[in-house]
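Participant: next come a sequence and a model predicted from it.
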Amino acid sequence: MKIILKIERFNPETDKESRFQEYTVEAAPTDRLLDALITIKQFQDGTLGFRKSCAHGVCGSDAMRINGKDRLACKTLVQEVADGDGAVVEIRPLRYLPVQRDLIVDQADFFDKYRSIKPFLINDDPLPEKERLQSPEERMKFDDATNCILCASCYSACPVPEENKDFLGPAAVSQAYRFIADSRDKGFKERLPDLDRPDGVWACQNHFKCTEACPRGIKITKRINQTKKMIQDHRKAKGESINDDISD
Ligand code: SF4
Ligand code: FES
């Protein structure tokens, strides 16, 4: 079948504003949308900018907004976004991150926020002879969060940065949870100043858009609320006031 990819294009070096350009591509319903983009790049317009690497949902580099939803082009089948011959599929870059060219965004802000929560194991205890052991039950507390591929789909899907660009964002908070819920980690207090602030966990309003968007099935909103609960418990233990209303 033939589909029309309506792609938002922008080159900050030459354009004042973005524009949409349409490309007609022959594609099978079971082709991936990434295949259609590659076809355009190879045979129709070599100037089209998009990022991809693994093409198998592992590297996280080809997240984009497809028909208004943030997804990986390599994990999106044509039949999921085009309902027949002549269907138009709108493709835009991720939101909130500056466009470098067409569908390529500058992810520096996203990664700065991710780095700010110290996404690594913190434990200064003397090293055991072999390894720091953990039970399967302890691991399951945060297991899904270890699957994050840092694609930023959740960041773009979240409505909060529309009004608060300083929000830490869903990926950074769920990755903070990944470590503070880890029985081997001792870095809760070190991460607390970045999490327990209005632009940290408390900016999350439980829209659940991040959870819907995540290509790795991470229960992001739940992990954010578990982080809020840990902060509340910490405050309670110190006799401090707490925020109310944490949903699951
Ligand atoms: S939490 Fe999911 S959507 Fe967000 S960056 Fe990680 S893999 Fe992507
Ligand atoms: S190209 Fe690597 S996740 Fe899609």
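Facilitator: Thanks, I have it. Ligands and ions are numbered 1, 2, ... in the order given.
Participant: the longest helix in the protein is where?
Facilitator: helix 220-237 (DSSP state H).
Participant: show me what it is packed up against.
Facilitator: Other helices and strands packing on helix 220-237, by 3 or more C-beta pairs under 8 Å, 6 or more residues apart in numbering; DSSP states H and E, are helix 170-180, helix 188-195, helix 209-213. All C-beta atoms are positioned from the backbone trio N, CA, C, and that covers glycine.
Participant: confidence score at the residue of the chain positioned farthest from its centre?
Facilitator: What lies farthest from the middle of the chain is Glu129; by C-alpha atoms, centre = their mean that is 37.1 Å. Looking at Glu129, its pLDDT reads 91.
Participant: now do the SS call for Asp144.
Facilitator: When classified by DSSP: H, G, I helix; E, B strand; the rest coil, Asp144 comes out as helix.
Participant: cool, the one 5 residues further on as well?
Facilitator: The three-state label for Ile149, taken from three-state DSSP, comes out as coil.
Participant: give the contact list for Ala87.
Facilitator: Applying C-beta atoms under 8 Å, 6 or more residues apart in numbering, we find Ala87 in contact with 3-4, 81.
Participant: of those - the most surrounded one?
Facilitator: Ile3 (24 neighbours; other C-beta atoms under 10 Å).
Participant: returning to what we had before: hey, which of the helices and strands packed on helix 220-237 is tucked in deepest?
Facilitator: Across these, averaging neighbours per residue (mean count of other C-beta atoms under 10 Å) puts helix 170-180 on top, at a mean of 27.
Participant: which residues sit against it?
Facilitator: By C-beta under 8 Å, 6+ apart, the surrounding residues in contact with helix 170-180 are 110, 113-114, 116-122, 142, 145-146, 148, 150, 152, 154-155, 158, 185, 187-188, 191, 194-195, 200-201, 204, 210, 218, 220-221, 223-224, 226-227, 230.
Participant: give the buried residues for stretch 201-209.
Facilitator: Buried residues in stretch 201-209, counted by 16 or more other C-beta atoms under 10 Å: 201, 203-204, 209.
Participant: in PyMOL, how would I select just the buried ones from the contacts of helix 170-180?
Facilitator: Here is the PyMOL command that selects only those of the contacts of helix 170-180 that count as buried (16+ other C-beta under 10 Å):
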select buried, resi 110+113+114+116+117+118+119+122+142+145+148+150+152+154+155+158+185+187+188+191+194+195+200+201+204+210+218+220+221+223+224+226+227+230
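Participant: among the buried residues of stretch 201-209, which ones are in helices?
Facilitator: Of the buried residues of stretch 201-209, the ones assigned to helices by DSSP H are Lys209.
Participant: ok, so of the buried residues of stretch 201-209, who is nearest Arg95?
Facilitator: Of all the buried residues of stretch 201-209, Arg95 sits closest to Lys209, with 11.0 Å by C-beta to C-beta.
Participant: give me the spatial nearest neighbour of the spatially most central residue of the chain, chain neighbours excluded.
Facilitator: Centroid-nearest residue in the chain, with C-alpha atoms, centre = their mean: Ala152, separated by 2.7 Å. Take Ala152 and drop its neighbours on the chain: the residue closest to it by C-beta to C-beta, 6 or more residues apart in numbering is Phe110, 4.9 Å away.
Participant: could you dump stretch 45-64 to PDB, C-alpha only?
Facilitator: These are the backbone C-alpha positions of stretch 45-64, laid out as PDB (Å, rounded to 0.1, in the frame of the first residue of the first chain):
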ATOM      1  CA  ASP A  45      15.400  13.000   0.000                       C
ATOM      2  CA  GLY A  46      18.800  12.500   1.500                       C
ATOM      3  CA  THR A  47      18.500  15.800   3.400                       C
ATOM      4  CA  LEU A  48      15.800  14.300   5.800                       C
ATOM      5  CA  GLY A  49      17.300  14.200   9.300                       C
ATOM      6  CA  PHE A  50      16.400  11.500  11.800                       C
ATOM      7  CA  ARG A  51      18.400   9.400  14.300                       C
ATOM      8  CA  LYS A  52      18.500   5.600  14.500                       C
ATOM      9  CA  SER A  53      21.000   3.000  15.400                       C
ATOM     10  CA  CYS A  54      20.000  -0.500  16.500                       C
ATOM     11  CA  ALA A  55      16.700  -0.700  14.700                       C
ATOM     12  CA  HIS A  56      15.500  -3.200  17.300                       C
ATOM     13  CA  GLY A  57      14.100  -1.100  20.200                       C
ATOM     14  CA  VAL A  58      17.300  -1.300  22.200                       C
ATOM     15  CA  CYS A  59      19.300   2.000  21.700                       C
ATOM     16  CA  GLY A  60      16.400   4.400  22.200                       C
ATOM     17  CA  SER A  61      17.700   6.800  19.500                       C
ATOM     18  CA  ASP A  62      14.600   6.900  17.100                       C
ATOM     19  CA  ALA A  63      11.900   8.200  19.500                       C
ATOM     20  CA  MET A  64       9.600  10.600  17.800                       C
END
